[in-house]
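J.: When you get a sec, could you give me coordinates for this:
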Amino acid sequence: MQTIIDAERGTPSMNDLKDIIRDVPDFPKKGIIFKDITTLLQDARSFQKMIDLLGHRYIGQKIDKVVGVEARGFIIGSALAYKLGVGVVLVRKPGKLPSETFSKTYDLEYGTDTLEIHKDAIKPGERILLADDLLATGGTMAAVVDMVEQMGGNIVECCFMSELTFLDGRKKLPEGKVYSLLQF
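T.: Prediction:
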């Protein structure tokens, strides 16, 4: 795939970031248009711009840890944690974490799922940034918010690379604590 960002154009704009994300119709099931971010991730300038824009929002906010949600949230969360100089916590599907876990089953836009987090990953009072690639119906992140809060973590914000605004997913999340870089 040829990059949409060439050397003469320099840093990508917000529209460039939106335009590079590929739509895949009928995935994972008929009627869903999947936003494929792999096209943005493989373009170095676009990926750097996206992480820089997200990361700058949280500089100086005393974040203790970034929680990345399986699977594409691992990419966003890890890059943000690196940018902010903090640790990253993984929220995974059942059976993937090797130590004692806390789990939560939740509804999502095309079924139900369960997520787990290590019980010792978050200490009471820590300031936590939650990160994922996409806010759709909000079910996944609402489950993560619930787990982190039950562990005593303080949610700074739920941040997303992109949001499908027509699905109103932010209504399931803490009011005033949702940020998405790109909206569709």
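
J.: CA atoms for contacts and neighbours, from now on please.
T.: Will do.

J.: Direction included, what does whichever strand or helix holds residue 66 pair against?
T.: In the assignment (DSSP states H and E), residue 66 maps to strand 65-69. Partners of strand 65-69 in the sheet, by DSSP bridges, are strand 87-91 (parallel), strand 127-135 (parallel).

J.: in the last one, what counts as buried?
T.: Of the residues in strand 127-135, those with enough neighbours to count as buried (16 or more other Cα atoms under 10 Å) are 127, 128, 129, 130, 131, 132, 133, 134, 135.

J.: repeat for the shortest one
T.: Residues of strand 87-91 classed as buried by neighbour count (16+ other Cα under 10 Å): 87, 88, 89, 90, 91.

J.: quick one, what contacts the closest residue to residue 73 other than its chain neighbours?
T.: With sequence-adjacent residues excluded and distances taken as Cα to Cα, 6 or more residues apart in numbering, residue 73 is closest to residue 132, at 3.9 Å. Listed by Cα atoms under 8 Å, 6 or more residues apart in numbering, the contact set of residue 132 reads 68, 69, 72, 73, 74, 76, 77, 159, 160, 161.

J.: Swap in 6 Å and give it another go.
T.: 69, 73, 160 (Cα atoms under 6 Å, 6 or more residues apart in numbering).

J.: Repeat that for residue 136.
T.: Here residue 136 is in contact with 164, 167, 169 (criterion: Cα under 6 Å, 6+ apart).

J.: beta partners for the residue lying closest to residue 28 once chain neighbours are set aside?
T.: If the residues on either side of it in the chain are set aside, residue 28 comes closest to residue 34, at 7.3 Å by Cα to Cα, 6+ apart. Per DSSP bridges, the residues bridged to residue 34 are residue 24.

J.: same thing with residue 105?
T.: residue 114.

J.: so which of the strands paired with strand 65-69 gets nearest residue 58?
T.: Among these, strand 127-135 comes nearest to residue 58, with 8.6 Å by Cα to Cα.

J.: which regions of this structure sit below the pLDDT cut-off?
T.: By pLDDT under 70, the low-scoring segments of the chain are 1-10, 108-110.

J.: Just give me the residue right at the centre of the chain.
T.: Centroid-nearest residue in the chain, with Cα atoms, centre = their mean: residue 132, separated by 0.8 Å.

J.: That residue and residue 72: what is the separation?
T.: Remark: distance between residue 132 and residue 72 (Cα to Cα, to the nearest Å) = 7 Å.

J.: Please enumerate the shared neighbours of those two.
T.: By Cα under 6 Å, 6+ apart, no residue touches both residue 132 and residue 72.
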